[in-house]
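1. quick one: sequence plus predicted model below, questions after.
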Amino acid sequence: MKHDGQHPFESGLERLEAISAKLDAEETPLEDAIRLYEEGIKLSASLAEYLAHAERRILVAPRANEAPLSIDECQTLDTGEAPAKKAARPRKNPPKTEESLF
């Protein structure tokens, strides 16, 4: 993906929008439309991969007041399988217990 001074995702998304607009135009010749469609499919897959990578980075980033997650603690994105259960991490501030009024 060329990025012309922008981030690769944004420039790729702009190109995909331009392809979509050209495909919507009735004056686009069939051969050009097929070529644009193929480029759009490849670009769409590339952008989806970029987003999946970004999502994995977010899942393993440490949150405020917590230890960083290991990659093993995150759900696998492409298969939907959850990792094996591990012992829960202790909370920094355990919830307060109050007596029930009822």
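-> Received it, and whenever you're ready, just let me know what you need.

2. the bottom helix or strand of the chain by mean pLDDT?
-> Lowest by mean pLDDT, DSSP states H and E among the helices and strands of the chain is helix 30-60, with a mean of 92.

3. buried stuff in that one?
-> Using 16 or more other CB atoms under 10 Å as the test for burial, helix 30-60 gives 36, 40, 43, 47, 50. C-betas here are computed from N, CA, C, even on glycine.

4. among the residues you listed, which pair sits farthest apart?
-> Leu36 and Tyr50 (20.4 Å; CB to CB).

5. any idea how far Leu30 is from the closest residue to Phe9 other than its chain neighbours?
-> Leaving aside its sequence neighbours, Phe9 sits nearest to Tyr50 (CB to CB, 6 or more residues apart in numbering; 5.3 Å). Relative to Leu30, Tyr50 is positioned 30 Å away (CB to CB, to the nearest Å).

6. one more: Arg15?
-> Counting by CB to CB, the gap from Arg15 to Leu30 is 21 Å.

7. ramachandran angles for Glu27?
-> Torsion angles at Glu27 (phi, psi; degrees, to the nearest 10) stand at phi -80, psi 0.
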